[in-house]
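Undergrad: Based on what follows, work out the 3D shape:
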Amino acid sequence: MKNIFKIAFSTMVLSCTLMPALAFPDVDSTHWASKQIEELSEQGVIVGYPDGTFKPDDNVTRAEFATMAIKALRQEHANVAQTINFQDITPEHWAYDSIQKAVYFDLISNSDKAENFRPDDSVSRAESITVAVNALTTEQISPYKAKEVLAKKYSDTDSIPDYFLIPAGKAEILDMLVTIPTTDKAKIEATRPATRAEVAAILYEMVEQAKLNPNAKLAEAMRKKTGEGYVIDNAIVQGSIGLIPAGAVIPVELTSYISSQSSKAGDLYVAKAPQNYITKEKFILVYEGSNLKGQLLDVRAGKWFVRNGVLVLDNALLITNNDQTVAFQGIGEVKKDRNWFMKFVRWAFKGEKLDVPAEGIVYIKLMKPLKIDLTNGWVIE
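TA: Numbers count the residues shown, from 1 in each chain. Below is the predicted model:
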């Protein structure tokens, strides 16, 4: 009996291990959009409700959808050069920045004159699919071609609004015109509010297509930035993410004088990146001029026949070119380059004094890894 129990228990544990964990109790593995919902949830693009459910059949507001689209394209940290004034949203609106980014990246068409955005209206299927198509560089098609393509599959092609005909045709050609699976002939239902499940599927298809053919503005924003600078040889590049590993040694330029003879442990210092920190492929990890802050960890004056000076920096923060302040923990010990004879002299007689002038360089050894989005310099915490 004990052996039977052990086998049964092991089987149960193995089954639980192999069974994929579902993000939401109301979206099981048989749901037609479970894959898209799970992946976008893991990426933080979509979230559930406080009770843990996803409510796949609920609707999504236009403001919510703009925010989801920008997050899905990983442009939430992008800078917008020029804003559009809407009559019904102000800079205090929770989705203001995302809406501005959606307009800037041509996801949402908008004239220069002020008009309403309707942030609390439900986003329609036509609107959400149009945004997905606008994120892409696509071949031009005629209304006739669009209708021809759509009529082969959808029974309500003749009722599609004129403004949506070409976006719908392009979406169908790209196999991203999302519809709920049915045994009957499919319908586009352009004007119906999109459900949360449909939105997840539409955004998923948009992201997959944008990896291949983003529109011009997105292509520039999604491009990994390159430049000259200080090469961190052991930096790792994975897709659009760069990783400076713990143990990497990085030069920093001090903005004020420090000395083993006059400075004190606990004194604060400010430094900056004297040049770009780059990977061996020349992708920029940290931009020139980014600020670093910390304090002197250990300061001991050099005394003849007693000890050589000690000057150790404890770096704590990095302020990036995006004005993002993040932890940047590193230790830098000031040492002078000496030939073999002077090394012997300092070892035998001691008394070496250490100092670093303003604009002098100290090398910091990073204690914890730093992960960075190579498209925009944003540190991922």
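
Undergrad: Report pLDDT for A348.
TA: Predicted confidence (pLDDT) at A348: the value is 69.

Undergrad: same question, the one 5 residues further on
TA: For K353, the model assigns a pLDDT of 91.

Undergrad: State the helix or strand in which it lies.
TA: Assigned by DSSP states H and E, K353 falls within no helix or strand.

Undergrad: contacting residues for the nearest residue to it once chain neighbours are set aside?
TA: Sequence neighbours aside, G302 is the residue nearest to K353 in space, at 4.3 Å (criterion: C-beta to C-beta, 6 or more residues apart in numbering). Any C-beta I mention is one placed from the backbone N, CA and C, and that applies to glycine too. Contact analysis of G302 by C-beta atoms under 8 Å, 6 or more residues apart in numbering lists S260, Q261, N308, G309, K350, G351, E352, K353, L354.

Undergrad: if you skip the residues just before and after it, what's nearest to A248?
TA: Nearest non-adjacent residue to A248 (C-beta to C-beta, 6+ apart): L366, at 4.8 Å.

Undergrad: A216 versus that neighbour, what's the distance?
TA: 36 Å (C-beta to C-beta, to the nearest Å).

Undergrad: Tell me which of the two has more neighbours.
TA: Per other C-beta atoms under 10 Å, whichever of L366 and A216 has more neighbours is L366, with 19 against 10.

Undergrad: Quick check: beta-bridge partners of that one?
TA: Taking DSSP bridges as the rule, L366 bridges to G330.

Undergrad: my read: it touches L243, true?
TA: No - using C-beta atoms under 8 Å as the test, L366 is too far from L243 to be in contact (10.8 Å).

Undergrad: For the spatially most central residue of the chain, what is the enclosing helix or strand?
TA: Closest to where the C-alpha atoms of the chain average out (C-alpha atoms, centre = their mean) is R74, at 5.1 Å. For R74, there is no enclosing helix or strand under DSSP H and E.

Undergrad: for F328, same thing?
TA: strand 325-333.

Undergrad: I70 too?
TA: Residue-wise, I70 maps onto helix 62-72 under DSSP H and E.

Undergrad: what packs against the helix or strand that that helix is followed by?
TA: Using DSSP H and E, the helix or strand that follows helix 62-72 in sequence is helix 96-104. Packed against helix 96-104, as judged by 3 or more C-beta pairs under 8 Å, 6 or more residues apart in numbering; DSSP states H and E, are the following elements: helix 62-72.

Undergrad: elements contacting the helix it packs on?
TA: Judged by 3+ C-beta pairs under 8 Å, 6+ apart, helix 62-72 is in contact with helix 96-104, helix 125-134, helix 196-210.

Undergrad: Tabulate those helices in JSON lines, adding columns for distance to I372 and mean pLDDT.
TA: Shown next, in JSON lines, are these (distance: least, C-beta to C-beta, whole Å; pLDDT from 0 to 100):
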{"stretch": "helix 96-104", "distance to I372": "20", "mean pLDDT": "95"}
{"stretch": "helix 125-134", "distance to I372": "28", "mean pLDDT": "97"}
{"stretch": "helix 196-210", "distance to I372": "21", "mean pLDDT": "97"}
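
Undergrad: who wins for proximity to T255 among those helices?
TA: Ranking these by proximity to T255 (C-beta to C-beta) places helix 96-104 first, at 32.2 Å.

Undergrad: how about the strands in the stretch 151-300 of the chain?
TA: 230-231, 236-238, 241-244, 249-254, 258-259, 268-272, 277-278, 284-286, 291-300 (DSSP state E, counting those that start in this stretch).

Undergrad: low-scoring pLDDT stretches of the stretch 101-250 of the chain, where are they?
TA: Scanning the stretch 101-250 of the chain for pLDDT under 70 picks out the ranges 110-114.

Undergrad: Please list all residues in contact with the residue lying closest to E76 once chain neighbours are set aside.
TA: Nearest non-adjacent residue to E76, counting by C-beta to C-beta, 6+ apart: I70, 5.5 Å away. For I70, the contact set (C-beta under 8 Å, 6+ apart) comprises E76, A78, S98, K101, A102, F105, L107.

Undergrad: Go through the residues you listed and say which is closest to V237.
TA: The nearest member of those to V237, counting by C-beta to C-beta, is A78 at 20.7 Å.

Undergrad: Mind pulling up the pLDDT for that closest one?
TA: Reading off the model, A78 has pLDDT 89.

Undergrad: can you offset everything so residue one is 2?
TA: Right, with 2 as the first residue, what we last looked at is A79.

Undergrad: For burial, what's the neighbour tally of it?
TA: 21.

Undergrad: My read is that W33 contacts T180, right?
TA: No - W33 lies out of contact with T180 (C-beta under 8 Å); the separation is 9.8 Å.

Undergrad: Not including adjacent chain positions, what is the nearest residue to L318?
TA: Setting aside the residues directly before and after it, L318 is nearest to K294 in space (C-beta to C-beta, 6+ apart), at 4.4 Å.

Undergrad: so how far is I242 from that neighbour?
TA: With C-beta to C-beta as the criterion, K294 and I242 are 25 Å apart.

Undergrad: tell me the contacts of the nearest residue to V335 once chain neighbours are set aside?
TA: Closest residue to V335 apart from its sequence neighbours, by C-beta to C-beta, 6+ apart: L312 at 4.0 Å. By C-beta under 8 Å, 6+ apart, L312 lies in contact with I259, S260, S261, S264, L297, D299, V300, E334, V335, L355, D356, V357.

Undergrad: Tabulate those (TSV), appending distance to I85.
TA: Shown next, in TSV, are the contacts of L312 (distance: C-beta to C-beta, whole Å):
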residue	distance to I85
I259	49
S260	54
S261	57
S264	52
L297	49
D299	54
V300	54
E334	52
V335	52
L355	56
D356	54
V357	49
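
Undergrad: now the residues you listed: which count as buried?
TA: I259, S260, S261, S264, L297, V300, V335, L355, D356, V357 (16 or more other C-beta atoms under 10 Å).
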